[in-house]
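> sequence first, predicted coordinates after that:
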Amino acid sequence: MSEGISQADRPDVAESTKPGPAPAATDLFSKFDPLIEQRRALLAGGVEDPFSLVMERVLSPTVAICNGRETILLGTYNYMGMTFDPDVIAAGKQALDDYGAGTTGSRVLNGTYAGHRAVEEALKDFYAMDHAMVFSTGYQANLGIICTIAGKGDYIVLDIDSHASIWDGCKMGDAEVVPFKHNDIEAMEKRLKRIPAGAGKLVVLEGVYSMLGDIAPLKEMVRVAKENGAMVLVDEAHSMGFIGPNGRGVAEDQGCLDDVDFVIGTFSKSVGTVGGFCVSNHPKFEIMRLVCRPYVFTASLPPSVVATAAVSIRKLMHGAAKRAHLWENSRTLHQGLRDQGFTLGTDTPQSAIIAVIMPDLERGAAMWEALLHEGLYVNLARPPATPAGMTLLRCSLCAEHSPAQVQTVLGMFERAGKAVGII
Ligand SMILES: Cc1ncc(COP(=O)(O)O)c(C=O)c1O
């Protein structure tokens with residue numbers, strides 16, 4: 001550069017430092033375009049949006065007002081019908097009066113009230129286990145436990161059809177993630193045997209898989225996991241309260257609960273409120289309260305919620321008659337739908353979920369709407385939440401559905417199925 005001429009005076013340099021037009025922003029939403037288009041096309045056909053239904057009033061665990069009409073609820077996972085239990089409601093109201101609307105704090109700071117301890121005691125009694133830790137949701141329970149216990153150098157071996165919260169827990173941690181084919185014991189064993197000697201291993205399973213309502217062969221899977229030196233976590237979100245002699249889930253039913261290291265569950269299904277938990281007999285389990293980020297770095301459940309959960313869990317310990325009735329409902333609906341010619345997710349009723357397989361999304365949405373017009377609410381499920389790209393109408397039964405309601409539901413399915421051309 002020649003002496004005496006500053007850079008700014010040189011026409012070439014001055015030109016290049018002038019701010020140019022800002023580059024066009026990449027629209028971070030463009031990745032959703034295919035989904036936006038699919039949704040637009042579906043709704044353009046005039047079908048009601050299956051993913052924005054409003055429950056205008058809820059009258060009971062089995063009936064709500066939707067679009068101004070009385071609607072039977074068959075897609076709420078409210079398996080034991082505890083949402084309107086008078087003792088549960090009374091406990092929630094009392095806790096609101098005694099403790100206020102919320103804790104405004106983490107469990108490890110100001111967010112542990114007497115009610116949080118009480119619900120953990122109820123869980124320990126329910127499962128007959130030494131430790132119970134309550135999270136703000138079941139989603140957070142899976143996130144927290146999985147990403148905290150399986151760290152760098154460890155391996156997580158999990159069923160490919162695992163719930164999103166399990167996959168997200170894997171993503172949040174540093175462990176190697178090794179999926180295996182749904183409910184395939186041999187595939188699971190093969191993967192376990194390939195893991196380097198000495199590495200930590202966590203096998204993650206579910207009692208009931210909520211898309212098709214099928215159960216896992218837990219007894220055999222837990223045995224194989226243990227023989228291969230793995231710890232085992234079982235998510236019993238869809239079986240707690242209902243399956244097993246004491247409602248502890250599929251592991252209890254198949255006689256392998258003692259070999260399960262961690263049971264994950266939720267309050268948002270059989271318990272009838274919101275929240276999640278992990279129970280365990282591991283002697284060092286309590287350290288999780290200090291190291292598990294989704295437990296530490298979030299506010300604890302409101303006092304009214306833990307109060308309702310504690311009463312509900314204690315009542316579920318005496319729920320044998322309700323469990324028997326729920327099985328009856330499940331068998332009746334399964335048999336009835338099969339007889340009508342629907343294709344179901346399982347050959348036999350294995351849980352309180354009965355999945356009706358639809359030929360495609362369009363006819364699934366049309367069937368969903370036809371049922372709603374009949375006065376029946378079920379869940380429409382589609383990929384990626386569903387396995388093998390299926391569109392499903394998922395029915396979840398409640399112990400409070402009367403035999404007459406189940407017969408009414410069958411009549412609605414038959415009329416809707418014929419109208420849409422599925423049966
Ligand atoms: C298998 C399974 N695990 C965990 C959860 C999360 O439970 P929550 O609703 O309490 O977040 C669900 C909820 O659908 C589930 O199906």
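Looks like it came in fine. None of the values given here were measured: they were computed from a predicted structure. Residues are numbered from 1 along each chain as shown.

> which stretches in the stretch 51-200 of the chain count as strands?
Taking DSSP state E, counting those that start in this stretch as the test, the strands found in the stretch 51-200 of the chain are 55-58, 63-66, 69-73, 131-135, 155-159, 176-180.

> now those as a markdown table including distance to the ligand?
C-betas here are computed from N, CA, C, even on glycine. Compiled in a markdown table, these are given as follows (distance: least, CB to the nearest ligand atom, whole Å):
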| stretch | distance to the ligand |
| --- | --- |
| strand 55-58 | 16 |
| strand 63-66 | 19 |
| strand 69-73 | 16 |
| strand 131-135 | 8 |
| strand 155-159 | 11 |
| strand 176-180 | 16 |
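
> nearest approach to residue 296 belongs to which of those?
Minimum separation from residue 296 across these (CB to CB) falls at strand 131-135, 10.6 Å.

> number of nearby residues for whichever residue of the chain sits closest to the ligand?
The ligand sits closest to residue 138 of the chain, with a gap of 2.6 Å, by CB to the nearest ligand atom. The local packing of residue 138 (other CB atoms under 10 Å) involves 24 other residues.

> what's the answer for residue 199, then?
As a burial measure, the neighbour count of residue 199 was computed by other CB under 10 Å and equals 12.

> equivalent analysis for the one 5 residues further on, please.
Using other CB under 10 Å, residue 204 is surrounded by 29 other residues.

> and residue 396, by the same measure?
Other residues near residue 396 number 23, with proximity taken as other CB under 10 Å.

> do the same with the one 5 residues further on
The local packing count at residue 401 equals 26, with neighbours defined by other CB under 10 Å.

> ditto for residue 400
The burial count assigned to residue 400 is 23, neighbours taken as other CB under 10 Å.

> which positions in this protein make contact with the ligand?
Counting by CB under 6 Å from any ligand atom, the chain comes close to the ligand at 137-139, 142, 163, 165, 206, 210, 235, 237-238, 266, 268, 276.

> swap the cut-off to 5 Å and go again
Contact residues (CB under 5 Å from any ligand atom) of the chain with the ligand: 137, 138, 139, 163, 165, 210, 235, 237, 266, 268, 276.

> out of those residues, who has the most neighbours?
Using other CB under 10 Å as the contact criterion, the top neighbour count among those goes to residue 235, which has 33 neighbours.

> please, where are all the helices along the stretch 251-400 of the chain?
Taking DSSP state H, counting those that start in this stretch as the criterion, the stretch 251-400 of the chain carries its helices at 288-291, 293-296, 303-316, 320-340, 361-374.

> make a markdown table out of the ones you listed and add mean pLDDT.
Shown next, in a markdown table, are the helices of the stretch 251-400 of the chain (pLDDT from 0 to 100):
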| stretch | mean pLDDT |
| --- | --- |
| helix 288-291 | 98 |
| helix 293-296 | 98 |
| helix 303-316 | 98 |
| helix 320-340 | 98 |
| helix 361-374 | 94 |
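
> out of the ones you listed, deepest packed?
Ranked by average neighbour count under the criterion mean count of other CB atoms under 10 Å, the helices of the stretch 251-400 of the chain are headed by helix 303-316 at a mean of 26.

> so who does residue 63 touch?
With contact set as CB atoms under 8 Å, 6 or more residues apart in numbering, residue 63 has these partners: 70, 71, 72, 73.

> dump the helices of the stretch 251-400 of the chain to CSV, plus distance to residue 24.
Written out in CSV, the entries for those read as follows (distance: least, CB to CB, whole Å):
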stretch, distance to residue 24
helix 288-291, 44
helix 293-296, 37
helix 303-316, 47
helix 320-340, 53
helix 361-374, 34
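
> and of the ones you listed, who's closest to residue 93?
Using CB to CB, the nearest of the helices of the stretch 251-400 of the chain to residue 93 is helix 303-316, at 7.5 Å.

> quick one: the strands of the stretch 51-200 of the chain as TSV, columns for mean pLDDT too.
As requested, these are arranged in TSV below (pLDDT from 0 to 100):
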stretch	mean pLDDT
strand 55-58	97
strand 63-66	97
strand 69-73	97
strand 131-135	98
strand 155-159	98
strand 176-180	98
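
> closest to residue 253 out of those?
Shortest separation from residue 253 across the strands of the stretch 51-200 of the chain is recorded for strand 155-159, at 17.9 Å, computed as CB to CB.

> show me what that closest one is packed against.
In this structure, strand 155-159 packs against helix 164-172, strand 176-180, helix 185-194, strand 201-206, with contacts taken as 3 or more CB pairs under 8 Å, 6 or more residues apart in numbering; DSSP states H and E.

> how does it look with 10 Å?
Using 3 or more CB pairs under 10 Å, 6 or more residues apart in numbering; DSSP states H and E as the contact definition, the elements that strand 155-159 packs against are helix 138-149, helix 164-172, strand 176-180, helix 185-194, strand 201-206, strand 231-235.

> now the fifth one against strand 155-159, angle please.
This points to strand 201-206. Regarding strand 201-206 and strand 155-159, their directions subtend 20 degrees when assessed with axes from the mean of the first three to the mean of the last three CA atoms, to 10 degrees.

> name the residues that touch the following helix or strand past strand 201-206?
Beyond strand 201-206 in the direction of the C-terminus, DSSP states H and E gives the next helix or strand as strand 208-209. When contacts are taken as CB atoms under 10 Å, 6 or more residues apart in numbering, the neighbours of strand 208-209 outside the stretch itself are 159, 161-163, 182-183, 214-216, 235-240, 242-243, 249-250, 269, 345-346, 350-353, 355, 387.

> now intersect the residues you listed with the strands, please.
Secondary structure defined by DSSP state E assigns 159, 214, 215, 235, 353, 355 of the contacts of strand 208-209 to strands.

> which one (most neighbours) among these?
For the ones in strands among the contacts of strand 208-209, the largest neighbour count, defined by other CB under 10 Å, is 33 neighbours, found at residue 235.

> separation between that residue and residue 163?
As for residue 235, its distance to residue 163 is 6 Å (criterion: CB to CB, to the nearest Å).

> shared neighbours, these two?
Shared contacts of residue 235 and residue 163, defined by CB under 10 Å, 6+ apart, comprise 138, 142, 204, 206, 209, 210, 264.

> measure the first one to residue 118 for me?
For residue 138, the distance to residue 118 (CB to CB) stands at 19 Å.

> what of the second one?
When distance is defined by CB to CB, residue 142 is 23 Å away from residue 118.

> more neighbours: which of the two?
Comparing residue 142 with residue 118 by other CB under 10 Å, the one with more neighbours is residue 142, at 30 against 19.
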